[in-house]
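Asker: below are the sequence and a predicted model; questions follow.
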Amino acid sequence: MSGLVVRPRSRILHGHDWVYASEVLKVFGNPADGDVISLKDGRDRLLGCAIFNSKSQIVARRFSKRRQELDSDFFSRRIERAIAWRVRTGCEPELCRLIWSEGDRLPGIVADRYRDVIVLQTLTLGMDRHKPLLVEILSKLSGVRHVIERNDVPVRASEGLPLVAGPLYGDDPGEREIEVQGVRFLVDFLHGQKTGFYLDQMENYSIVANHAAGRRVLDCFSNQGGFALACATRGALEVTALESTGENARKLRENSRRNGLRVSVAEEDVFSFLKAAERRGDRYDLIILDPPSFTRTRDKINDALRGYRELHLRSARLLTDGLLATFSCSHHVSAKEFESSVAAGFFDAKRSARIVRRLVQGPDHPVLLHVPETFYLKGLFLDVPTGR
């Protein structure tokens, strides 16, 4: 088997599963992009097997610490183990992220289940080659009627892969209704953001909404209204949802009508709305900030942190003696960096806040301790007193 020898002090020698191009001491054999290769240290000790791609900054992604081929037996074992984890941790097995890439030791594979539909992403070249096998095993183990491919995400370009989307098993299911904690949503698997719905926030919808009764709620970056609609069902006095894209705003209104809920939808840029709301003297008792990633690259972190600081400054000025739920979904921004930027924004606003609890992605998005990139959703639930 061809392979790589890694340099001393490479992160894989400390438990990580990635090898960057700068960490390669030498290449032996003649590996082709997408091949399974062996990884060794400078003393010729085997570190495991990985998927190789010279076109990517991450040239090798380890999937096993022993010699292992990507065959039917391997995929069946790993997928069965992933499903068992969801059951063991109390996830709803028919509405969850079924496979979470490195979190399930299947680097580059994401599979989200929505009842009888699985939405599949194969984000690395090596895994993309096994797409037919993955579809066969997933459909057999889950019993779903449809497997949809959502490989239209930019990260595939760094692997030299085309951007494609469409049915892989069964026909196109079209838009389907799902129910999340008593709230119904219409999901478009082929055109919606991510794989159609923010499954990683399902537990947090309920946690935040449990505090919404009798409060004026502002849900920023509302997408399809997960937080807004959950708060409306839990007795919020009034709910305003902000969404800058017309299509998402349309879906949000449709989801509101579908549930018979009153939610005011503002189709506007969040930063512009917050500035105008401050000038008007608007006040809210509960604000939710769930923005898209502010950076997808490490070199843009400072810009992202300035954005978070500004966002929390504006939000803090609109809060009464109330609550703020805020999130960062960028794995490049650490929890410490995010919390520091939130604190800086509150300092600028001359407001104080105390942490009610930290919020994270659900257990269907498992985090590997030695691969911090698997932990991407960081959240804070804050109590913001008036100070009087």
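Answerer: Now that the structure is in, tell me what you want to look at. Residues are numbered from 1 along each chain as shown.
Asker: who's in contact with the closest residue to residue 66 other than its chain neighbours?
Answerer: Spatially, and ignoring its direct neighbours in sequence, residue 66 is nearest to residue 48 (6.5 Å; C-beta to C-beta, 6 or more residues apart in numbering). Quick note: C-beta positions are derived from backbone N, CA and C, even for glycine. Residue 48 makes contact with 38-39, 62-66, 68, according to C-beta atoms under 8 Å, 6 or more residues apart in numbering.
Asker: check which helix or strand covers residue 48.
Answerer: Residue 48 belongs to strand 46-52 when assigned by DSSP states H and E.
Asker: that strand pairs with which strands, and in what direction?
Answerer: Using DSSP bridges, strand 46-52 pairs in its sheet with strand 36-40 (antiparallel), strand 58-64 (antiparallel).
Asker: adding mean neighbour count, distance to residue 367 and mean pLDDT as columns, could you present the ones you listed in TSV?
Answerer: Converted to TSV, the strands paired with strand 46-52 look like this (neighbours: other C-beta atoms under 10 Å; distance: least, C-beta to C-beta, whole Å; pLDDT from 0 to 100):
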stretch	mean neighbour count	distance to residue 367	mean pLDDT
strand 36-40	21	23	97
strand 58-64	22	17	96
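Asker: let's have those in JSON lines, adding distance to residue 379.
Answerer: Output for the strands paired with strand 46-52, formatted as JSON lines (distance: least, C-beta to C-beta, whole Å):
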{"stretch": "strand 36-40", "distance to residue 379": "35"}
{"stretch": "strand 58-64", "distance to residue 379": "27"}
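Asker: any idea which of those gets closest to residue 331?
Answerer: strand 58-64 (13.0 Å; C-beta to C-beta).
Asker: out of the contacts of residue 48, who's nearest residue 182?
Answerer: residue 63 (38.5 Å).
Asker: list the contacts for that closest one?
Answerer: Counting by C-beta under 8 Å, 6+ apart, residue 63 makes contact with 17, 48-51, 70, 105-107.
Asker: now for those: which two are most distant?
Answerer: 17 and 70 (15.0 Å).
Asker: what about those two, which has more around it?
Answerer: For residue 17 versus residue 70, neighbours defined as other C-beta atoms under 10 Å are more numerous around residue 17 (25 against 20).
Asker: partners of the closest residue to that one other than its chain neighbours in the sheet?
Answerer: Counting by C-beta to C-beta, 6+ apart, residue 62 is the residue found nearest to residue 17 once chain neighbours are left out, at 4.2 Å. On the basis of DSSP bridges, residue 62 is bridged to residue 50.
Asker: wait, what's in contact with residue 62?
Answerer: Contacts of residue 62 by C-beta under 8 Å, 6+ apart are 12, 17-19, 39, 47-50, 107.
Asker: go on, residue 1?
Answerer: Residues near residue 1 by C-beta under 8 Å, 6+ apart: 29, 36-38, 49, 67.
Asker: identify the farthest-apart pair in the contacts of residue 62.
Answerer: For those, and using C-beta to C-beta, no pair is farther apart than 47 and 107, which are 14.8 Å apart.
Asker: just among the contacts of residue 62, which is most surrounded?
Answerer: residue 50 (28 neighbours).
Asker: thought residue 65 was touching it, still the case?
Answerer: No - if you go by C-beta atoms under 8 Å, residue 50 and residue 65 don't touch, sitting 10.2 Å apart.
Asker: what's the helix or strand for residue 251?
Answerer: helix 246-258.
Asker: which residues does that helix contact?
Answerer: Identification of contacts with helix 246-258 by C-beta under 8 Å, 6+ apart yields 177, 183-186, 188, 192-193, 222-225, 228-229, 232, 241, 243, 262-263, 265, 267.
Asker: and the helices in the stretch 101-250 of the chain, which stretches?
Answerer: Using DSSP state H, counting those that start in this stretch, the helices of the stretch 101-250 of the chain run over 125-128, 131-142, 202-209, 226-233, 246-258.
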